[in-house]
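**Student:** I'd like to go over a predicted model; first the sequence, then the structure.
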Amino acid sequence: MVFRQRMTAGLRLAAVTVLMLALAACNATPAPTATPVPLPAVAVDVSDTALTMPADVPAGLVQVTVSNSGQAPHSPLFARLNDGVTQEQFMETMQTDQSGTAALALVSLLGGAQAKPGASQQMVFDFKPGNYIAIDMGEGGPTGGPPLMANFTATAGSGPAPAAPVATVNAELIDFQFTLPDQIKSGAQTWKIENKGGQWHEMGIFKLNEGVTVDDVMAMMMSETPPEGPPPFEDVAFWAPMSQGQHAWWTVDLPPGVYTVMCFLPDFSSTPPTSHLEHGMVRTLTVTE
Ligand SMILES: [Cu+2]
């Protein structure tokens, strides 16, 4: 009797051991997961004389890499033409309308990152189907001839949608403030930029020289007379104007330091238009090791 009980207990133990081993084996095998859909990639090349990119891009989330092969910094701005607006109409309006407000009414601006000479920038846009322009006012602007432009069309596909990038920094643009963390880590960070305001906004990111304050920079920017000597800050990064309701992701790599973020765009609701900077659209950002 005692022997039988022992044997039964032994069998039970064996059964439990087998079951545990089986469970362990199950845990060791990764559960099947859906293969992540990679973001479609679009390459944009900008030089001092041309802006080239594919004429057709997928609608939805698209990773855009802007590479600058020129000698000057370039900031291609991506814009969706409102439904029914042609590129010719937009160009004509831009040339005839000095203030720029009529041309602006024809498009939604998605922004875009400035690429320094020989460098590239990565961003992710969420393209609604439609017709777009990429326009660079940089060296081709007021002093250097006509702006550089490319047209493209975003068409919806039938495949599964890629997942949105995971942001490590959230940047919200409102009238007239930046909502940003006080501190971020150095190295490549994915910023999600959202314009939650009622006006257009941009981000100029400047690294302050040792001992320079935001007030010093503000005084310099507001000054009527151009300052003498080199500026007390470094123009590190720039995100081009973005219309209200738009969002995008941008991979920004900032070295440690103290930065100021500013928006210089005009507020067309005031007469004469005052800059968003004058409305207080300035923010200090510290980048730590
Ligand atoms: Cu602004």
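**Tutor:** Okay, I see it.
**Student:** show me what contacts the nearest residue to Ala156 once chain neighbours are set aside?
**Tutor:** Counting by CB to CB, 6 or more residues apart in numbering, Ala59 is the residue found nearest to Ala156 once chain neighbours are left out, at 4.3 Å. Where you see a C-beta, it was placed from the backbone N, CA and C, and this is true even at glycine. Neighbouring residues of Ala59 by CB atoms under 8 Å, 6 or more residues apart in numbering: 127-129, 154-157.
**Student:** the nearest residue to Ile184 once chain neighbours are set aside: neighbour count?
**Tutor:** Spatial nearest neighbour of Ile184, excluding adjacent residues (CB to CB, 6+ apart): Val169 at 5.4 Å. For Val169, the count of nearby residues is 18 (other CB atoms under 10 Å).
**Student:** how about Val169: which residues does it bridge to?
**Tutor:** Trp191 (DSSP bridges).
**Student:** any idea how far Gly187 is from it?
**Tutor:** Look at Val169 and Gly187: by CB to CB, to the nearest Å, they are 11 Å apart.
**Student:** now do the residue nearest to Ala156, the pLDDT please.
**Tutor:** Listed pLDDT for Ala59 reads 97.
**Student:** for Asp126, same thing?
**Tutor:** 97.
**Student:** for stretch 61-74, measure first residue to last.
**Tutor:** 23 Å (CA to CA, to the nearest Å).
**Student:** in the stretch 101-250 of the chain, which residue sits closest to the ion?
**Tutor:** His201 (3.4 Å; CB to the ion).
**Student:** any idea how many residues pack against that residue?
**Tutor:** 29.
**Student:** repeat that for Ala163.
**Tutor:** 12.
**Student:** likewise Met218?
**Tutor:** 16.
**Student:** kindly report the same for Ala115.
**Tutor:** 26.
**Student:** got it, and Gly229?
**Tutor:** Neighbourhood size, Gly229 [other CB under 10 Å]: 5.
**Student:** what pLDDT does it get?
**Tutor:** 80.
**Student:** about what we covered before: shouldn't the residue nearest to Ile184 be in contact with Asp182?
**Tutor:** No - contact criterion CB atoms under 8 Å: Val169 and Asp182 do not qualify, at 11.5 Å.
**Student:** show me the contacts for the residue nearest to Ile184.
**Tutor:** 180-181, 184, 189-192, 252.
**Student:** tabulate the residues you listed in CSV, adding columns for pLDDT and distance to Val261.
**Tutor:** Putting the contacts of Val169 into CSV (pLDDT from 0 to 100; distance: CB to CB, whole Å) gives the following:
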residue, pLDDT, distance to Val261
Leu180, 96, 7
Pro181, 97, 11
Ile184, 97, 11
Gln189, 97, 14
Thr190, 97, 17
Trp191, 98, 11
Lys192, 98, 15
Val252, 96, 11
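**Student:** which among those residues end up buried?
**Tutor:** 180, 184, 189-192, 252 (16 or more other CB atoms under 10 Å).
**Student:** work out for me the element the residue sitting nearest the centre point of the chain sits within.
**Tutor:** Centroid-nearest residue in the chain: Trp250, 3.2 Å away (criterion: CA atoms, centre = their mean). According to DSSP states H and E, Trp250 maps onto strand 247-254.
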